[in-house]
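Q: this one's sequence-less:
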């Protein structure tokens, strides 16, 4: 059986992205590998062994075209309303809090936030299938 271990995104500015993911989700640098043409930064926190890998291509100055294929990264939190308020207070501009239902049955409570490069992150209330 395969085990998911990380997801990678390309970012323009290492410091800006590391600061965003630390402030927003408590992700800290677990490892940093520097190569001639690029740097890999692995971010994690004690909640899970899954990591986010940031790839910084040296010399790149233009934003990445995220196209229409990228969906989103998702994280779960114990109190989604409190996290929304915290991120708003930190000036990170989370989008509106949504109470998502299917035929009157609650599915999820969540909001989206964009990182500095425009990647979308869904922040879900922990519970049900979203532990």
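A: Nice, I can see it. Computed from a predicted model, the values in this text were never measured in an experiment. Residues are numbered from 1 along each chain as shown.
Q: What's opposite the spatially most central residue of the chain in the beta bridge?
A: The structure's the chain has its C-alpha centroid closest to residue 121; by C-alpha atoms, centre = their mean the separation is 4.6 Å. Beta-bridge pairing for residue 121 (DSSP bridges): residue 73, residue 113.
Q: likewise the one 4 residues further on?
A: Under the criterion DSSP bridges, residue 125 forms beta bridges with residue 77.
Q: right, and residue 31 touches residue 43 too?
A: No - counting by C-beta atoms under 8 Å, residue 31 does not reach residue 43; the two are 9.1 Å apart. C-beta coordinates here come from the backbone N, C-alpha and C atoms, glycine included.
Q: For the protein, which residues score under the pLDDT cut-off?
A: The model of the chain has pLDDT under 70 over residues 2.
Q: just checking, residue 18 is part of a strand?
A: No - if the criterion is DSSP: H, G, I helix; E, B strand; the rest coil, then residue 18 is helix and not within a strand.
Q: circling back to that earlier point, distance check, the residue nearest to the centre of the chain against residue 35.
A: 26 Å (C-beta to C-beta, to the nearest Å).
Q: Please apply the same query to residue 7.
A: In terms of C-beta to C-beta, residue 7 sits 20 Å off from residue 35.
Q: go on, residue 48?
A: Per C-beta to C-beta, residue 48 is found 26 Å from residue 35.
Q: Over to residue 92?
A: Counting by C-beta to C-beta, the gap from residue 92 to residue 35 is 30 Å.
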